[in-house]
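1. Sequence and predicted model, in that order:
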Amino acid sequence: MKVGSFPLTLNCIVNLLCLLNRSKQVQSSRWAELLERSERARKEVIILLLSLRASHSSPP
């Protein structure tokens, strides 16, 4: 399983949502909530991966 590509995939999804949101100029609360959830999930995954990497890597 390739863990390193996972945050990039989430990042792409979030960026795509942002672009769609901007291009349509949609200001609905539903869209904003979806973007907020995506961003929060992406941050949680990155934090998780960083903590995993820190616990698995030996100090220099």
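-> Thanks, I have it.
2. Can you mark which positions in the longest helix along the chain are buried?
-> Looking across the chain with DSSP state H, the single longest helix is helix 29-56. Within helix 29-56, the residues that count as buried by 16 or more other Cβ atoms under 10 Å are 38, 42, 45. Any C-beta I mention is one placed from the backbone N, CA and C, and that applies to glycine too.
3. Please work out the average pLDDT along it.
-> Confidence for helix 29-56, expressed as mean pLDDT, is 86.
4. by contact count, what packs against that helix?
-> Contacts defined by 3 or more Cβ pairs under 8 Å, 6 or more residues apart in numbering; DSSP states H and E place helix 29-56 against helix 6-24.
5. for the helix it packs on, what is the average pLDDT?
-> The pLDDT scores in helix 6-24 average 73.
6. For the remainder of this discussion, apply numbering that starts at 266.
-> In the new count, where the first residue is 266, that last one comes out as helix 271-289.
7. Just put the buried residues of helix 294-321 in a markdown table and tack on distance to Val279.
-> Formatted as a markdown table, the buried residues of helix 294-321 follow (distance: Cβ to Cβ, whole Å):
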| residue | distance to Val279 |
| --- | --- |
| Ser303 | 5 |
| Arg307 | 6 |
| Val310 | 11 |
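8. For Leu282, state which of the residues you listed is nearest.
-> Leu282 lies nearest to Ser303 out of the buried residues of helix 294-321, by Cβ to Cβ, at 6.0 Å.
9. Wait, the closest one touches Cys283, no?
-> No - here Ser303 lies out of contact with Cys283, judged by Cβ atoms under 8 Å, at a distance of 9.1 Å.
10. Only alpha carbons, please: show stretch 298-309 as PDB.
-> Coordinates of each C-alpha in stretch 298-309 appear next as PDB, following Å, rounded to 0.1, in the frame of the first residue of the first chain:
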ATOM      1  CA  GLU A 298     -19.500  22.900   4.500                       C
ATOM      2  CA  LEU A 299     -18.200  20.300   2.100                       C
ATOM      3  CA  LEU A 300     -15.000  22.300   1.400                       C
ATOM      4  CA  GLU A 301     -14.500  22.700   5.200                       C
ATOM      5  CA  ARG A 302     -14.900  19.000   5.800                       C
ATOM      6  CA  SER A 303     -12.500  18.100   3.000                       C
ATOM      7  CA  GLU A 304      -9.900  20.500   4.300                       C
ATOM      8  CA  ARG A 305     -10.300  19.300   7.900                       C
ATOM      9  CA  ALA A 306     -10.000  15.600   6.700                       C
ATOM     10  CA  ARG A 307      -6.900  16.400   4.600                       C
ATOM     11  CA  LYS A 308      -5.200  18.100   7.600                       C
ATOM     12  CA  GLU A 309      -6.000  15.200   9.900                       C
END
